[in-house]
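*Asks:* I would like the atomic coordinates for the input below:
(chains A and B, ligands or ions: 2)
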Amino acid sequence: MAILEVHHIEKHFGATRVLEDISFDLEQGQALAIIGSSGSGKTTLLRCLNFLEKPDQGTISVAGNLIFDAADPATQRESEVRKKRLHFGLVFQSFNLFPQYTALKNVTLARELLAQEQPDFKENKKKILEDIQADGRELLAKMGLSERADHYPSQLSGGQQQRVAIARALALHPDILCFDEPTSALDPELTGEVLRVIRELAEQRTTMIIVTHEMAFARDVADQVIFMDGGVIVEQGDARQVIEHPREERTRQFLSRYSEG
Amino acid sequence: MIEFFTSSTFQTVLSALNSGFLKTLQLFFITLIGALPLGLVISFGSMSRIPPLRWLTRLVVWVIRGTPLVLQIIALFYVPGMKEWFTWPSGENGRMLAVCVAFIINYACYFSEIYRGGIQGVPKGQQEAGQVLGMTKAQIFRHITLLQMIKRIVPPISNEIITLVKDTSLARVIALQEVIWMGESFMKGNSGISGLVWPLFFTAVYYLAFSGIVTVLLGKLEKKLDFFQ
Ligand SMILES: Nc1ncnc2c1ncn2[C@@H]1O[C@H](COP(=O)(O)OP(=O)(O)O)[C@@H](O)[C@H]1O
Ligand SMILES: [Mg+2]
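*Replies:* Ligands and ions are numbered 1, 2, ... in the order given. This next block holds a predicted model:
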């Protein structure tokens, strides 16, 4: 069974239709790359999955449970939305780290706040917080940032900041981790270190959706690829097949712009 | 020279100026204690999702910021009595009360605009990052937005606070006996002394010392927030 099932998502901003009949499945442990030119609706799609935007039509299910149905307001209650968000993690194009906290605190803050809701928090406070700290340090180590745990975001390079952001998203153990052009805000010499950690996550079978303009990376790391244009899915399929042998003319045109460069 | 500072005239003037300056300080601190939180309430009004509330708040802020504080003090002190709405308590206490109310309203309006800029100046991505991590609105405000907002508003609020040090002298327009009123009184006659000009100018020493201290303290606060961004 697919961990994520998205059916017939549609989204308007005012009169403009930004997403139209978006449907796809994602299997546990697979990586899905979404490609497409700027303005095609990729960010909006990720924002819908993370409940930052509300689709006008369609359903979203995680592990067989319907978590969003545009036609059913009961699935949209604010109090539950907060919990449902935790199925997804989101790594932003512009990192959005919290500037007043160290790298480690950026990673642990949300978990500390969630832990306060546990019934046994008061009794085991010390132990719980220590565990969260240890997990946070471990995640930063995994990102190659052990030495940077006590640095503030402004003291880190863009590539380091984005890796902290990835650790922050992983800290809550999302079922599906989404990346919105994770290297687009980086200087070219810094993209490698970020792509490397995402590649490692893929090797560890982390379920991921990656919006990217790095075609070679999408081909080599993703299992599936979706090509979007004008708010619709033009083509989807096996990553290597879509990128090396696209079936649709529009996909071919889009990809040719990348192979030239 | 030493004889001058030990003379009874100097002693009399000094103690009068001291008591005037005490009123200046009172007005200064009461205004801050009232206007800093009231400004936050007004800023929420000016960002309200209810249009009439938003318009009304912005209209009030516009009027208060667009007219002289002196005028507001005079209006608030005299108009209620003339219209027989209510009367301020008589004497110095009543004047102090009226002046405090006028100052609090005026400064709250200025602060509200600074708060609004501070709140709206925190990038939206900060809030979204918190939301995606499952934080509640209250947690996002308390743990993420608040400190970033404070960092943004401290410099402009500091400017207003230093202006307030000097604005307190406007209270003399309804004869509140703050330090400048006291200094001036020795020209017209006070405690059997008249025709003295220097006490008025001597009040500058108080203002310089006070605004100096305030500037240093606020500078320290600003430095404290330098650890990020
Ligand atoms: N908040 C918004 N309000 C109005 N239009 C928006 C908003 N967000 C995105 N859009 C529009 O939706 C379209 C898709 O945007 P986006 O999802 O950011 O595309 P992509 O990430 O593929 O570049 C664009 O035309 C964009 O202008
Ligand atoms: Mg985008």
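
*Asks:* give me the number of residues near the closest residue to ligand 1 within chain B?
*Replies:* As assessed by Cβ to the nearest ligand atom, ligand 1 sits closest to B:Lys124 within chain B, at 10.1 Å. Every C-beta, even on glycine, is put in place using the N, C-alpha and C of the backbone. B:Lys124 sits with 10 neighbouring residues when counted by other Cβ atoms under 10 Å in any protein chain shown.

*Asks:* what do you get for the one 10 residues further on?
*Replies:* By the measure other Cβ under 10 Å, the count of residues near B:Gly134 is 20.

*Asks:* residues in contact with the residue nearest to B:Val197 when sequence neighbours are not counted?
*Replies:* Leaving aside its sequence neighbours, B:Val197 sits nearest to B:Met187 (Cβ to Cβ, 6 or more residues apart in numbering or on different chains; 6.2 Å). By Cβ atoms under 8 Å, 6 or more residues apart in numbering or on different chains, B:Met187 lies in contact with B:194-197, B:199-200.

*Asks:* Correct me if wrong: B:Leu69 contacts B:Asp167.
*Replies:* Yes - using Cβ atoms under 8 Å, B:Leu69 makes contact with B:Asp167 at a distance of 6.4 Å.

*Asks:* Closest to A:Glu53 out of the contacts of B:Met187?
*Replies:* Of all the contacts of B:Met187, A:Glu53 sits closest to B:Leu200, with 64.3 Å by Cβ to Cβ.

*Asks:* if I look at that closest one, how far off is B:Ser169?
*Replies:* Look at B:Leu200 and B:Ser169: by Cβ to Cβ, to the nearest Å, they are 11 Å apart.

*Asks:* Residues that sit against both of these two, list them.
*Replies:* By Cβ under 8 Å, 6+ apart, the residues touching both B:Leu200 and B:Ser169 are B:Ile180.

*Asks:* what are the C-alpha coordinates of the strand or helix carrying A:Val81, in CSV please?
*Replies:* Element membership for A:Val81 (DSSP states H and E) is helix A:78-84. What follows is helix A:78-84, C-alpha atoms only, in CSV (Å, rounded to 0.1, in the frame of the first residue of the first chain):
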residue,chain,number,x,y,z
GLU,A,78,-7.4,23.5,13.1
SER,A,79,-6.7,21.4,16.2
GLU,A,80,-6.2,18.2,14.1
VAL,A,81,-4.4,19.9,11.3
ARG,A,82,-1.5,20.6,13.6
LYS,A,83,-1.1,16.9,14.4
LYS,A,84,-1.6,15.9,10.7
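
*Asks:* packing partners for the helix or strand just after that helix?
*Replies:* Next along the chain after helix A:78-84, taking DSSP H and E as the criterion, comes strand A:88-91. Here strand A:88-91 touches helix A:158-170, strand A:176-180, helix B:124-132, going by 3 or more Cβ pairs under 8 Å, 6 or more residues apart in numbering or on different chains; DSSP states H and E.

*Asks:* Could you list the buried residues of the helix ranked longest in chain B?
*Replies:* Ranked by number of residues, the top helix in chain B under DSSP state H is helix B:8-46. Buried residues in helix B:8-46, defined by neighbour count with 16 or more other Cβ atoms under 10 Å in any protein chain shown: B:12-13, B:16-17, B:20-21, B:23-28, B:30-32, B:34-36, B:38-40, B:42-46.

*Asks:* helices and strands around that helix, which ones?
*Replies:* Using 3+ Cβ pairs under 8 Å, 6+ apart, helix B:8-46 sits against helix B:51-66, helix B:91-121, helix B:146-167, helix B:179-188, helix B:198-224.

*Asks:* mind giving me CSV with those and columns for mean pLDDT and distance to A:Gln241?
*Replies:* Output for those, formatted as CSV (pLDDT from 0 to 100; distance: least, Cβ to Cβ, whole Å):
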stretch, mean pLDDT, distance to A:Gln241
helix B:51-66, 96, 54
helix B:91-121, 95, 47
helix B:146-167, 94, 46
helix B:179-188, 92, 84
helix B:198-224, 94, 58
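
*Asks:* Tell me which of these lies nearest to A:Leu97.
*Replies:* Evaluated over the helices and strands packed on helix B:8-46, closeness to A:Leu97 peaks at helix B:146-167, with 11.8 Å, by Cβ to Cβ.

*Asks:* Now tell me what touches that closest one from outside.
*Replies:* Against helix B:146-167 from outside (Cβ under 8 Å, 6+ apart): A:99-100, B:28, B:31-32, B:69, B:103, B:107, B:110-111, B:114-115, B:117-119, B:121-122, B:126, B:207, B:210-211, B:214-215, B:218-219, B:221-222, B:225, B:228-229.

*Asks:* and these, which are buried?
*Replies:* Among those, those buried by neighbour count (16+ other Cβ under 10 Å) are A:99-100, B:28, B:31-32, B:69, B:103, B:107, B:110-111, B:114-115, B:118-119, B:122, B:126, B:207, B:210-211, B:214, B:218, B:225, B:228.
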